[in-house]
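>>> Predicted coordinates and the sequence they were generated for:
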Amino acid sequence: MIIGKVTGSIVSTRKQDNLIGNKFMVIEPLQAESKKPKQLVAIDNIGAGIGEYVLVAQGSAARIGCNMPDAPIDAAIVGIIDDIGKLEQ
Amino acid sequence: MIIGKVTGSIVSTRKQDNLIGNKFMVIEPLQAESKKPKQLVAIDNIGAGIGEYVLVAQGSAARIGCNMPDAPIDAAIVGIIDDIGKLEQ
Amino acid sequence: MIIGKVTGSIVSTRKQDNLIGNKFMVIEPLQAESKKPKQLVAIDNIGAGIGEYVLVAQGSAARIGCNMPDAPIDAAIVGIIDDIGKLEQ
Amino acid sequence: MIIGKVTGSIVSTRKQDNLIGNKFMVIEPLQAESKKPKQLVAIDNIGAGIGEYVLVAQGSAARIGCNMPDAPIDAAIVGIIDDIGKLEQ
Amino acid sequence: MIIGKVTGSIVSTRKQDNLIGNKFMVIEPLQAESKKPKQLVAIDNIGAGIGEYVLVAQGSAARIGCNMPDAPIDAAIVGIIDDIGKLEQ
């Protein structure tokens, strides 16, 4: 899993039917190496808010582990980190 | 998922039989880190047009989530983003 | 697999139900290329301690190989390296 | 999928039994970011020639989509691109 | 698949039970981009020796293609390259 910060959300009206009902959150990985912030989009079943630090699972773990094995999902917020203090730089 | 911009399409006459009927769109990820634009090719079942910003699912999510579990597809456009304004740099 | 050093752990109270009971360790890959240390989070079934060097499996190998096929896990500590001496730089 | 140029082939006499009969082509991705050309090796069922531009599927899509679900294959040439003109830099 | 050079091996006494009996070889990819050599660890069923150039399969191809579908393995040596001459830089 990677650690990321929720920085926003995305709205997609025209999308695959099996994505309907999901929230798409924009995640900035904690260790972005470039100057430009690198972003990914993850679904959120946990209820993470903007500004929170989260654990993001990627790959088949995202759809299978979140009980959506047939959905085109490759990233999911799977936990909210209690205290990011020691990890932030 | 990643956010990308549709920049073109690819024609492949000689291809695997289980790819016939798919559109191959060229996608430029929103946060390309290098000076040269980095590109990937994704199938499109949504009807995205050139210039539109899209959500792209990668890995097994692309073929399984798009109901083509037996096709050699590792990237698919799964949604069109309504408003990219706040994310663009 | 990659070689990494266990540098800490993460607590996540609000998380997916199928993650309950797992320890989340912060891993710094041995060959971090950037100046900022790059980190990932892996579950630990082996009992690795902070400062130990470990083998980390990623992708579907992490959840299937660790007997949690339905959990949203994409990285797992699968071995503790006896002697890292020759590999460290 | 990524776009790559076929630059050569690899011979491997000692290999896993379930790889016997496959051609191993060396592929240089179109958008190699580094000065050193970056290479990957993909099997070829299409009959791509050296110098041709191809679509390469990676991950589980390569083995499952090419009807070799039990072979240790993580990249396959799945199409030959008709005209690379507009994409080349 | 990627091309790599076998540079050593790793011993892990405390490891997951379903890894027992495997050899863990340290692989340096042929096109390491950074000054520090980048390394990964792959299991070896072929009998590759230190200094040999090998084909390494990654992801689910490693465990499924090497007949260890339930082991936490994400990289495997699947072939030894006969002649690396033309590829080396």
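That came through, no problem.

>>> How much space separates whichever residue of chain A sits closest to chain C from A:Ile80?
Closest residue of chain A to chain C, Cβ to the nearest Cβ: A:Gly65 (2.6 Å). Bear in mind the C-beta positions are built from the backbone N, C-alpha and C, glycine included. The gap separating A:Gly65 from A:Ile80 is 16 Å, by Cβ to Cβ, to the nearest Å.

>>> Of the two, give the one with the bigger neighbour count.
Shown here are A:Gly65 and A:Ile80; by other Cβ atoms under 10 Å in any protein chain shown, A:Gly65 has more neighbours (24 against 19).

>>> Identify the nearest residue to the more buried one in space, disregarding sequence-adjacent positions?
Spatial nearest neighbour of A:Gly65, excluding adjacent residues (Cβ to Cβ, 6 or more residues apart in numbering or on different chains): C:Pro72 at 2.6 Å.

>>> Likewise for A:Arg63?
Counting by Cβ to Cβ, 6+ apart, A:Arg63 lies nearest to A:Ile73, which is 4.4 Å off, once chain neighbours are set aside.

>>> try A:Lys5
Spatial nearest neighbour of A:Lys5, excluding adjacent residues (Cβ to Cβ, 6+ apart): A:Glu28 at 5.0 Å.

>>> Correct me if wrong: A:Val41 contacts A:Met25.
Yes: counting by Cβ atoms under 8 Å, A:Val41 does reach A:Met25; the two are 6.9 Å apart.

>>> is it true that the residue nearest to A:Lys5 lies in a helix?
No: counting by DSSP: H, G, I helix; E, B strand; the rest coil, A:Glu28 is not part of a helix but strand.

>>> just checking, it touches A:Gly4?
Yes: counting by Cβ under 8 Å, A:Gly4 is a contact partner of A:Glu28 at 5.8 Å.

>>> what's the helix or strand for the residue nearest in space to the middle of chain A?
Closest residue to the average C-alpha location of chain A: A:Ala42 at 3.0 Å, with Cα atoms, centre = their mean. Taking DSSP states H and E as the definition, one finds A:Ala42 inside strand A:40-44.

>>> Any stretches of chain A with poor pLDDT?
Within chain A, the set of residues satisfying pLDDT under 70 comprises A:32-37, A:88-89.

>>> need the residues of it near chain C, please.
When proximity is defined as Cβ under 8 Å from any Cβ of the partner chain, chain A approaches chain C at A:1-3, A:30-31, A:33, A:45-47, A:55, A:57-62, A:64-67, A:76, A:78-83, A:86-87, A:89.

>>> which non-adjacent residue is nearest A:Val11?
B:Asp82 (4.6 Å).

>>> Can I take it that that neighbour is in a strand?
No: under three-state DSSP, B:Asp82 falls outside any strand and is assigned coil.

>>> Stretch A:8-21 spans what distance, first to last residue?
17 Å (Cα to Cα, to the nearest Å).

>>> hmm, back to that, what's the burial count for the residue nearest to A:Lys5?
So A:Glu28, with other Cβ under 10 Å, has 15 neighbours.

>>> And the nearest residue to A:Gly51 once chain neighbours are set aside, how close does it get to C:Leu40?
Closest residue to A:Gly51 apart from its sequence neighbours, by Cβ to Cβ, 6+ apart: A:Val6 at 6.5 Å. Look at A:Val6 and C:Leu40: by Cβ to Cβ, they are 18 Å apart.

>>> for A:Ile10, same thing?
From A:Ile10 to C:Leu40 the distance is 24 Å (Cβ to Cβ).

>>> what's the answer for A:Ile64, then?
19 Å.

>>> And those two? Which one has more around it.
A:Ile64 (25 against 20).

>>> In space, what's closest to the more buried one - neighbours in sequence excluded?
Nearest non-adjacent residue to A:Ile64, counting by Cβ to Cβ, 6+ apart: C:Asp70, 6.5 Å away.

>>> Check A:Ile3 too.
Nearest residue to A:Ile3, sequence neighbours excluded (Cβ to Cβ, 6+ apart): A:Leu30, at 4.4 Å.

>>> what's the residue of chain A found nearest chain D sitting at in phi/psi?
For chain A and chain D, the shortest gap (Cβ to the nearest Cβ) falls at A:Ser60, measuring 8.1 Å. When read as degrees, to the nearest 10, the backbone of A:Ser60 gives phi -60, psi -20.
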